[in-house]
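> Take this sequence and fold it.
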Amino acid sequence: MPKIKSYTPPWLLSPSPGHDLFVPNPDEANSASSHTSKTDLNDGPRRTIARRGTEVFIAVGKEIRWADLVYLKDRWEEKQAGARRGIHIKREDSASSGDDELLRESIENGSAEGFRTIATSVGSDIQQLIISPYADFMAVVTSHTVRILLLPDSAHLTAPSLDTIKPKSWTLGPTTHVMNCSPIASAIWHPLGVNGSSLVTVTKDAIVRVWEISQKDRWSFDAPTLTIDLKKLADGTSLDQNFAATPDVTNKGFSPDCFEMDVAAACFAGRGSGGWSPMTLWIAMREGDVYALCPLLPNHWAPPPTLIPSLSISIVGNLAAVEDDPNVSEQAKLLAQQQLDWMSDLDNQEPRVIEGPPGEPPTEIFARPLRPGIVPRLQGPFDLELSPESEDELDTRLTDIFAIGQKLDTDELMMGEDDELDMEDVEGEGLSLSILCLLSPSGQVRVCLDLDGVQAQWLPPRNKSKAMGRLIESPSLLTFQSMDILTSLEVTDKAWPTFSPDVTSRYSFYVTHPSSITHVSLSPWVFRLESELQGDSQAGSEFRIDLLVNGQSSIRERLYTNTAQGDAQLPLAASVAIRDPDLGYFLLSATPFDPIALAFETPDDDFAPIHHASPSFDKDAEVQPLDFYKPRPVFQPSHAFDQGSELPKLLSRLSTSRHKTIVNQEVRLSPLTLILFTDAHKIVSVETHRLGVAASEVFRRCTQLQAELKQQVTKANEVKTRVEAITGEDQDGEGEPESSNAAMEKRIQSARERGEALGQRLEKMRKMVSKATSRELSDKEKAWVNEVNALETNLFGSTAPADGPTRLKLTKRRYEEVMQLRDELVEEAEKLGGAAGEGEENPSASTTDLRIPSELRKAKIAQVKKLIERETALVDAVKARLERLSVVG
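This is a model prediction of the structure:
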């Protein structure tokens, strides 16, 4: 995730020249405000910012502002350095005049400001700016028209002039894209066009047009080379039908397709994608349906060097798999044969080699194959499997679509070759499945996987159309994840959120909504899913995929929140990401009056898979800088404070009307006076409400500033305490404070002692674990265990007879005899002991009763006691040995 370093830099804030790029002209500010308040945002996306390297093009009304951000930044820093050397006091009322004087003076001295104004011949406000792949053309799109602009050279930015530039431009489709026709939904540069000169336009009435423009051929801007009416194509049955758009658009009857086929957006995948992705046009309908056209190609196209070989391998392998399989349907066999005919037509061509753009290798130009046809089948509507059900209508509608093509399979392409394929890491990394992201007006993002893979499809020929019929199975997309990026209070039906690609990874993007900007990254699960799909082991794959689905999902983080949430007057332009060594990692957006910029920390690797490595004890921990502040956007007062009142215009209109005599008269109660006061009240109420909301926002931000300042002071105090603890300056006492070197050495010694103590504890635990760990017994040890078990059974008894040697089976009997003998001997010894005591008292009686000599008797008793002690010790030793064996086992 990108970490925000700062928000809008000072060289883009007022009163710097960078801020003037986004501010409408003073005479158009009020009209712009009224236009934004009356315009419905459902008319389409607002992509008014485009870039060429560090150069940006900003559409403001009907004109385009052009600037180099790096040049603006350097010029602002130079002016700030000069202002520090010579500080002068200037009145507020002379600020604008002073800036103009400094600007004119810098121009007279030969120093350019790095920005210019481009004039365009458009009849309404510009809604979209789309740069061609090689940054030589730019499509200027309004609601109904398209203007192709030849971008001027960057040297004009450094020229000491402020004159308006009028570059060469052409109207695209002067009789096609006009005000009385359907509005334009999307304009996309085809990724396989010759030097990026092929443009695809999709209107809201589901008509796709492919344009191949050329500066040398003026007629190439008048008529498209291919026109497809998707409503006709959806009902088509054979290749021989005419699917071009009907030229007469005045008489239109009602059709359900007018609602179901209302186009919201369209897109291609990247040029470096694998398979059929670069020539697949994805189309999202307003009502929630998704369609695909594959292959959609211009008359002349320039594929990457690896595209045609990879498609050839895939087509031949597919045909060999289905040709002799009786379980494959006739439709699938016909499709495989059509793909083979298409590839055969392509293989029979001799490509034309032309020079590519500066810095690019020579380009091979192919003609679009005519077999089996130039118009592909309309695939769809796709069934969104496992899509969350919602009762909210806004969740089912769509505003934008974003396609990420599958990675190029280099292993299959280079199988059997000794040379390695030289390609970018971005094209060889990622997922072997195409990903499709859908965006709804409610801020819901659905991430879908194309498991089957969209392939080239055509309608059957006329002689086979009845036999083939329609495809039985409808295509489907697997909804892998669904996420909401908005709160319930931010959802509005007047919003048109958009996708914007990221420059660091093709698996991350930005979502721009009128209320916020959100960053979404799919990297946490893309590479793990690819490892599971490419893995050879099938054991436990279902369990691992369940963990993947239910575990870590896509990362989303809100980067910016619009202060005027829910206010339709301040929509946000689609974000544009820039990465440059001089500018850093930069994100740019804008309201109709102010720029919005975010500076991120530059990531170490552009396209690094996310791996979860095990912790290592010998790896040094990276020292992170002290981060004790939270970047906050600079507060910009509302534009309502800078807008003029409409009352002077009302008075001017009244002074030129037929009621101009009432202006200089006394106020009298009359119907005309009531009308005038009512009109004035409408204007004043709107303006005072707008000023009151702006003033309340200023008060709220001032109150919030106190809390933020208190929090900042607290964090700074914490950092100060940490620094003093490190340097040893926090010691209290009468003696001299300890030096910083001594404190460092003391801390290092303490850390070493702790490390040694931890090492000893670890060694102790290792020995304990090694002792407790059971290992496999040898054959002799197993025999000894069996012998001990048999001995235990013979000694203490068991329900089952113990197996063992024959000599051990008599041990119990011998043990019982010994115990019986011991009891008899103990009893006899007690009797003898009692008789001996009586004999000492009465010697005469003992001599008469016992005739055994006393020495012999004492020797026998001592011998018996010794035998008993030996037997007792033997029994105790065997018992203890058995207990130890049971513990170890």
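
> Make sure residue 288 is actually in contact with residue 397.
Yes. Under the criterion of C-beta atoms under 8 Å, residue 288 makes contact with residue 397 at 5.8 Å. Where C-beta positions appear, they are placed from N, C-alpha and C, glycine not excepted.

> what packs against the helix or strand harbouring residue 758?
Using DSSP states H and E, residue 758 sits within helix 740-772. The elements that helix 740-772 packs onto, with contact taken as 3 or more C-beta pairs under 8 Å, 6 or more residues apart in numbering; DSSP states H and E, are helix 671-727.

> Nearest residue to the middle of this protein?
residue 521 (1.4 Å; C-alpha atoms, centre = their mean).

> what's the distance between it and residue 404?
Distance, residue 521 to residue 404, using C-beta to C-beta, to the nearest Å: 12 Å.

> what does residue 453 give?
In terms of C-beta to C-beta, residue 453 sits 14 Å off from residue 404.

> Looking at those two, which is more packed in?
Neighbours per residue (other C-beta atoms under 10 Å) separate residue 453 from residue 404, with residue 404 holding more: 25 against 15.

> Distance check, that one against residue 396.
Between residue 404 and residue 396 the distance is 23 Å, computed by C-beta to C-beta.

> Next: residue 8.
Counting by C-beta to C-beta - residue 8 and residue 396 are separated by 36 Å.

> who has more neighbours, these two?
More crowded of residue 8 and residue 396, by other C-beta under 10 Å: residue 8, with 21 against 18.

> count of neighbours near residue 786?
Using other C-beta under 10 Å, the number of residues around residue 786 comes to 14.

> For my notes, confirm it occurs in a helix.
Yes. Secondary structure of residue 786 (DSSP: H, G, I helix; E, B strand; the rest coil): part of a helix.

> Residue ranges in the stretch 701-850 of the chain under the pLDDT threshold?
Applying pLDDT under 70 to the stretch 701-850 of the chain flags residues 726-740, 773-775, 795-812, 834-850.

> who's more crowded, residue 288 and residue 397?
Set side by side, residue 288 and residue 397 show more neighbours around residue 397, with 21 against 18, by other C-beta under 10 Å.

> Which neighbours do residue 521 and residue 404 have in common?
The contact sets of residue 521 and residue 404 overlap at residue 507 (C-beta atoms under 8 Å, 6 or more residues apart in numbering).

> List the contacts of residue 117.
Applying C-beta under 8 Å, 6+ apart, the residues contacting residue 117 are 63-66, 162, 164-165.

> Now with 7 Å, please.
Taking C-beta atoms under 7 Å, 6 or more residues apart in numbering, we find residue 117 in contact with 63, 65, 164-165.

> Chain neighbours aside, what residue packs nearest to it?
When the adjacent residues along the chain are set aside, residue 117 lies closest to residue 164, with 4.8 Å between them (C-beta to C-beta, 6 or more residues apart in numbering).

> So for stretch 48-59, what gets flagged as buried?
48-52, 54-59 (16 or more other C-beta atoms under 10 Å).

> quick one: the strands in the stretch 501-650 of the chain?
Along the stretch 501-650 of the chain, the stretches classed as strands by DSSP state E, counting those that start in this stretch are 508-513, 516-521, 555-561, 576-580, 584-590, 595-600.

> Enumerate the positions of the fourth one that are buried.
Right, the one you point to is strand 576-580. Within strand 576-580, the residues that count as buried by 16+ other C-beta under 10 Å are 576-579.
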